[in-house]
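**Student:** fold the following.
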Amino acid sequence: MKKLFLTLSAIILFFSIGYTQAPNMSDGHTPDPGPPPVKKPDSCKLTGFRLPCCTDTIENVSSIATVTFDKTPCTATFNPATISPSGFVGNSVQSVTACAGGVCITRSINVVNTNKSLGFTPISLDFSKIGNTVDRALDAIFGSGGTGCSKSGSLKPSGSLGYDWSYMCCPTLTPCVKNSHKFSGSVSWNFGVTCHFPVAGCPYVASLDAVVSAGISGGFSVNAQTGCAATKVCAGANLKVSLGGGIGATVLAGAVSASLQLVISASASAQVCVYPLPVTGTYSFNIGQVSIVGSVETLWGLTSHSVDYVIYDGKNFGPYPF
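**Tutor:** Next up, the predicted model:
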């Protein structure tokens, strides 16, 4: 009995030890492998970096740069991170370096200071051709027999007109940095001529002397700046022309007095283009009908005759360049 009891105890102990051992437990000879290792992803690398050709404002490089990588997502660092126009020069070429995954690429960009004036250039205007046209207009009306002519004023303007120039950024053009011209100033002029002209053929008048005054005045002002797409900068000139005069008459026999006057209408216009340089422009005159009007008394004042004698039917002069 005692032997049987010991045998049963041994069997029970064996099964008890077998069922309480962990199923994954090593048998004492094979080491526990543990969890599988986690593979770290390869870091991305910079493959491309571009900047615009130019800028004229303070910029964060990250907002204007175009970067490419061998994989995404990925970010690059920039040195410097911010670019801004120089206060000393109108255009500075600045370098920027982008880096990612141990790869660095350097690019450059034109940084333009549009507020940096690089010099003032005065512009001179000469409207002497307009004066010559006035002389031709008087000859056309009264013939070339004018005498005792006197001139006043000048067609060379007084005042100040010119332009500052600076750089501007034109990203879509090649080259992308252009010159910008800011035109400003105003000029004015005043010119006049007075001549005596004989007038023939007026009814009831033996001889007639017209004292004709022609005046021209003008002004031109501009405040404009050229941009990337500018082709012309033009402005109209304030051009005025005036014609008038008095009449001195010797009446025919039988006439005792004459009350006559010279009637003339005239207008003018001009346009000045300051860009592209040199300055160009055109001007035009319109001389309307020129007449001697009034009355002549005859038969010792017993009768009065109206006079409306047309000397000139009128003409357009121009447009002419100056």
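
**Student:** any idea what residue 275 is bridged to?
**Tutor:** For residue 275, the beta-bridge partners are residue 233 (DSSP bridges).

**Student:** can you check residue 238 too?
**Tutor:** Applying DSSP bridges to residue 238 yields these beta-bridge partners: residue 219.

**Student:** skipping its backbone neighbours, what lies nearest the most centrally placed residue in the chain in space?
**Tutor:** Nearest to the mean C-alpha position of the chain, counting by Cα atoms, centre = their mean, stands residue 226 at 2.4 Å. Among residues not flanking residue 226 along the chain, residue 181 sits closest, at 4.8 Å (Cβ to Cβ, 6 or more residues apart in numbering). Glycine gets a C-beta too; all of them are placed from N, C-alpha and C.

**Student:** any idea how far residue 225 is from the one you found?
**Tutor:** To residue 225, residue 181 is 7 Å away according to Cβ to Cβ, to the nearest Å.

**Student:** same question, residue 120
**Tutor:** To residue 225, residue 120 is 14 Å away according to Cβ to Cβ.

**Student:** which intervals of the chain have sub-threshold pLDDT?
**Tutor:** Applying pLDDT under 70 to the chain picks out residues 1-42, 144-146, 253-256, 299-301.

**Student:** can you name the residues that contact the residue nearest to the centre of the chain?
**Tutor:** Residues in contact with residue 226 (Cβ atoms under 8 Å, 6 or more residues apart in numbering) are 180, 181, 182, 233, 275.

**Student:** mind listing the residues bridging to the residue nearest to residue 226?
**Tutor:** Going by DSSP bridges, residue 181 forms beta bridges with residue 165.

**Student:** got the domain ranges for this protein?
**Tutor:** Domains of the chain are assigned by automatic domain parsing as 46-112, 123-160+184-321.

**Student:** let's have these in TSV, adding distance to residue 168.
**Tutor:** Shown next, in TSV, are the domains of the chain (distance: least, Cβ to Cβ, whole Å):
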stretch	distance to residue 168
domain 46-112	6
domain 123-160+184-321	7
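
**Student:** and of these, who's closest to residue 173?
**Tutor:** Ranking the domains of the chain by proximity to residue 173 (Cβ to Cβ) places domain 123-160+184-321 first, at 6.2 Å.

**Student:** start to end distance for the closest one?
**Tutor:** Taking Cα to Cα, to the nearest Å, domain 123-160+184-321 runs 17 Å from one end to the other.

**Student:** contacts only, for residue 102.
**Tutor:** Listed by Cβ under 8 Å, 6+ apart, the contact set of residue 102 reads 43, 45.

**Student:** from residue 263, how far out is it?
**Tutor:** For residue 102, the distance to residue 263 - Cβ to Cβ - is 92 Å.

**Student:** now swap in residue 136 and tell me
**Tutor:** 21 Å.

**Student:** which one of those two has more residues nearby?
**Tutor:** residue 263 (17 against 13; other Cβ atoms under 10 Å).

**Student:** returning to that earlier point: compare residue 120 and residue 225 (neighbour count), which wins?
**Tutor:** Shown here are residue 120 and residue 225; by other Cβ under 10 Å, residue 225 has more neighbours (18 against 13).

**Student:** test my guess that the more buried one contacts residue 165.
**Tutor:** No. Using Cβ atoms under 8 Å as the test, residue 225 is too far from residue 165 to be in contact (9.9 Å).

**Student:** which residues do these two both contact?
**Tutor:** Residues touching both residue 225 and residue 165 (Cβ under 8 Å, 6+ apart): 180, 181, 182.

**Student:** I'd like those as JSON lines, with distance to residue 208 and neighbour count appended.
**Tutor:** Output for the shared contacts of residue 225 and residue 165, formatted as JSON lines (distance: Cβ to Cβ, whole Å; neighbours: other Cβ atoms under 10 Å):
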{"residue": "180", "distance to residue 208": "59", "neighbour count": "21"}
{"residue": "181", "distance to residue 208": "54", "neighbour count": "20"}
{"residue": "182", "distance to residue 208": "55", "neighbour count": "17"}
